[in-house]
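1. prediction below, plus the sequence it came from.
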Protein chains: 2
Amino acid sequence: MPPKERVKIVEVGPRDGLQNLSVHVDTRGKISLIKQLAACGIREMQIGSFVSPKAIPQFKDIREVIAGILDLKGITLTAMVPNLQGLRDALKSGIRNLVFFFSVSRLHNLHNVKQTPEESIESLKIIKRELSFNPDTDISVALATVFGCPFELQVKVEDILRYVEAVAAIGVGRVTLCDTVGFGNPKLVEQITRACMEKFPEIHFGVHFHNTRGLGLANTLKAYETGIRSFESSIGGLGGCPFAPGASGNVATEDMVFMFNEMAVETGISVQKLLDVTLYLQDILPDVSLNI
Amino acid sequence: MPPKERVKIVEVGPRDGLQNLSVHVDTRGKISLIKQLAACGIREMQIGSFVSPKAIPQFKDIREVIAGILDLKGITLTAMVPNLQGLRDALKSGIRNLVFFFSVSRLHNLHNVKQTPEESIESLKIIKRELSFNPDTDISVALATVFGCPFELQVKVEDILRYVEAVAAIGVGRVTLCDTVGFGNPKLVEQITRACMEKFPEIHFGVHFHNTRGLGLANTLKAYETGIRSFESSIGGLGGCPFAPGASGNVATEDMVFMFNEMAVETGISVQKLLDVTLYLQDILPDVSLNI
């Protein structure tokens, strides 16, 4: 029998799932959520963003949350950083694994981080240099609106490849291709992931899909078949982008893990334990409608 | 450019979507729903079942509904018939295209139609003979619980093939492989659809998936890639099986059409018009939560 295929599921619920909610989850609730998710077998998790609390109030207590989870073992905890200040704050909090993000769509990037994509690449250079003075740190890049933009609609593959090239030239080895709004379809997913993997075989690509039109798992399946082995998802299907009108929930982690487990693709994650966590979500988010 | 791929989307909302609801949709509402769906470009639709009104009260007015839609042009209207009596009633009402159904799982079939699968095959023989005296009629078979059964769990591929063989021997040329509860996963879908198509190349196979665990469109995609070109779905994701505990909604027609249209696979159906029909669903089913 050939060795079992494996995928990595990156839980983004504590970051992408919570950031768009009007309800504030208190620090204890966030810490408990993250610890419960880790106990399901999740081995990488985005726990928040070092952004202005004015922009996204949900993360105003991110330092306290991190203080409460740094003792977790066997899991890579990541935080999003939009700029040098965010990076410094993140490192000070004890987080060693960062995610920098920008949109391949100029208009979406201007809305989201008030920079052109080219300016974001300059920011990434500065961040990468700063990181080189900090041992045992790592950074990946989340490329937003890769499969479509709410403002510019379709995105050109050559633009995506050009930005990946710029990111690779800075020395970043991991890029997540994000369907920020949920515009992707399996054909487009195959086209873009294949183009990226063929042109940059040295880069480790992941994907991040939203379920706006129900296509999240179909896109996941197609990305898997094309060779992607890293997938972001959010417990309970929570999520959305505050600066992407119409974006709805991420692919639900429990659905994604169920699909892979049923296909005999190893995730190392327990669906039953994830379902228990969705019940906990109902406790801390009583007024939020969940995908369960 | 190669000719565009085409798929047939079979709308089952008026049958599978409504049959499980506690709320009764009145005759005018059903007729209007069916006519609106036809106007979206749908070319085949299951409009109800000729079963006892005690078992499924929703279809007690099926004759009146049919009388109101027989003038629809360019669309194949089908009704489910469980037995000879149902067939005779269906033919009397003016319907010419029938669907006979049974489960490849013995326990589910006993629950659903109080027969073993072998007894169902005997019923099908009787029905097929009766149909031979009625020109311009046709019948297909819906095989239930093909991708898993709530009572017997996994189903053996050789059992599925054996029942398809029996159906083919009776002279039925169309078989729909139904994931009655939503147990299917893309790997299983590929395995079973491929086995069926390879063994019975003369049979026209369709699929019918439920979205219980969010895998409906992923399974649809895999079936399409394996060569299936006929897909059942339900407007608004309505649906379920009254005799399959835990079954939830069908794949939503608007999601399925959106996916194929976006992949440049021709459906002939307008997503925008389907979305308008989901708004109408909210009028006639005000207390039912829809997948929209």
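-> It's in. Bear in mind that the values here come from a model prediction, so they are computed numbers and not experimental data.
2. now the helices for the stretch 1-150 of chain A?
-> Along the stretch 1-150 of chain A, the segments classed as helices by DSSP state H, counting those that start in this stretch run A:18-19, A:27-39, A:62-69, A:84-93, A:106-113, A:117-131.
3. which helices and strands sit right next to the fourth one?
-> Using 3 or more C-beta pairs under 8 Å, 6 or more residues apart in numbering or on different chains; DSSP states H and E as the contact definition, the elements that helix A:84-93 packs against are helix A:62-69, strand A:76-80, helix A:117-131. Just so you know, the C-beta spots here come from the backbone N, C-alpha and C atoms, and that holds for glycine as well.
4. what's the closest of the ones you listed to residue B:64?
-> Relative to residue B:64, the nearest member of the helices and strands packed on helix A:84-93 by C-beta to C-beta is strand A:76-80, separated by 58.9 Å.
5. residue A:113 and residue B:183, how far apart?
-> If you measure residue A:113 against residue B:183 using C-beta to C-beta, to the nearest Å, the figure is 43 Å.
6. out of the two, which sits in the busier spot?
-> Summary of the neighbour comparison: residue A:113 and residue B:183, criterion other C-beta atoms under 10 Å in any protein chain shown, with residue B:183 having more neighbours (24 against 21).
7. ok, that one - contacts?
-> Residue B:183 sits next to B:147-149, B:153, B:212 when contact means C-beta atoms under 8 Å, 6 or more residues apart in numbering or on different chains.
8. most neighbours of all those residues, which one?
-> Of all these, the highest neighbour tally under other C-beta under 10 Å goes to residue B:147, namely 29 neighbours.
9. you'd agree residue A:266 is up against residue A:4?
-> Yes: the criterion here is C-beta atoms under 8 Å, and residue A:266 meets it with residue A:4 at 4.9 Å.
10. low-confidence ranges in the stretch 151-292 of chain A?
-> Under the criterion of pLDDT under 70, the regions of the stretch 151-292 of chain A flagged as low confidence span A:240-248, A:286-292.
11. could you pull out the helices for it?
-> Listed in chain order (using DSSP H, counting those that start in this stretch), the helices of the stretch 151-292 of chain A are A:157-169, A:186-199, A:216-226, A:253-262, A:271-284.
12. okay, these in TSV with distance to residue A:236 next?
-> As requested, these are arranged in TSV below (distance: least, C-beta to C-beta, whole Å):
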stretch	distance to residue A:236
helix A:157-169	30
helix A:186-199	23
helix A:216-226	13
helix A:253-262	8
helix A:271-284	5
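13. as a markdown table, those helices with distance to residue A:102 and mean neighbour count would be great.
-> As requested, these are exported to a markdown table (distance: least, C-beta to C-beta, whole Å; neighbours: other C-beta atoms under 10 Å in any protein chain shown):
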| stretch | distance to residue A:102 | mean neighbour count |
| --- | --- | --- |
| helix A:157-169 | 8 | 17 |
| helix A:186-199 | 16 | 19 |
| helix A:216-226 | 21 | 26 |
| helix A:253-262 | 25 | 25 |
| helix A:271-284 | 30 | 16 |
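14. looking at those, which is nearest to residue B:279?
-> In this view, these are compared for proximity to residue B:279 by C-beta to C-beta, and helix A:216-226 is the closest at 23.7 Å.
15. how far does the closest one sit from the chain's center?
-> Average the C-alpha atoms of helix A:216-226, do the same for its chain, and the two points are 16 Å apart (C-alpha atoms, centre = their mean, to the nearest Å).
16. that helix to helix B:216-226, inter-axis angle?
-> Using axes from the mean of the first three to the mean of the last three C-alpha atoms, to 10 degrees, one finds that helix A:216-226 and helix B:216-226 are set 40 degrees apart in direction.
17. what sits up against helix A:216-226?
-> Applying C-beta under 8 Å, 6+ apart, the set of residues contacting helix A:216-226 from outside is A:7, A:147, A:179, A:182, A:184-187, A:189-190, A:193-194, A:197, A:207, A:209-211, A:231, A:250-252, A:255-256, A:259-260, A:265, B:186, B:214-215, B:217-218, B:220-222, B:259.
18. follow-up on the earlier one: pull the most distant pair out of the contacts of residue B:183.
-> For the contacts of residue B:183, the farthest-apart pair by C-beta to C-beta is B:153 and B:212; their separation is 14.3 Å.
19. which bits of chain A sit near chain B?
-> Counting by C-beta under 8 Å from any C-beta of the partner chain, chain A comes close to chain B at A:185-188, A:211, A:213-218, A:220-222, A:251-252, A:255, A:258-259, A:262-264, A:291.
20. before we move on, the earlier item: let me know the closest of the contacts of residue B:183 to residue A:75.
-> For these, the nearest to residue A:75 is residue B:212 (29.9 Å; C-beta to C-beta).
21. surely the closest one meets residue B:182?
-> Yes: at 2.7 Å, residue B:212 and residue B:182 qualify as touching, with contact defined as C-beta under 8 Å.
22. nearest residue to whichever residue of the stretch 51-200 of chain A sits closest to chain B in space, please, no chain neighbours.
-> The minimum distance from the stretch 51-200 of chain A to chain B, using C-beta to the nearest C-beta, falls at residue A:185 (3.7 Å). If the residues on either side of it in the chain are set aside, residue A:185 comes closest to residue B:262, at 3.7 Å by C-beta to C-beta, 6 or more residues apart in numbering or on different chains.
23. for residue A:86, same thing?
-> Per C-beta to C-beta, 6+ apart, closest to residue A:86 is residue A:50, 3.7 Å.
24. hang on, that neighbour packs against residue A:81?
-> Yes: in this structure, residue A:50 is within contact of residue A:81 by C-beta under 8 Å, at 5.0 Å.
25. residues shared between the contacts of the two?
-> Shared contacts of residue A:50 and residue A:81, counting by C-beta under 8 Å, 6+ apart, come down to A:87, A:89-90.
26. what subset of those residues is buried?
-> By neighbour count, with 16 or more other C-beta atoms under 10 Å in any protein chain shown, the shared contacts of residue A:50 and residue A:81 hold A:87, A:89-90 as buried.
27. redo the residues you listed as JSON lines? Include distance to residue A:58 and pLDDT.
-> Formatted as JSON lines, those follow (distance: C-beta to C-beta, whole Å; pLDDT from 0 to 100):
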{"residue": "A:87", "distance to residue A:58": "20", "pLDDT": "97"}
{"residue": "A:89", "distance to residue A:58": "16", "pLDDT": "97"}
{"residue": "A:90", "distance to residue A:58": "16", "pLDDT": "97"}
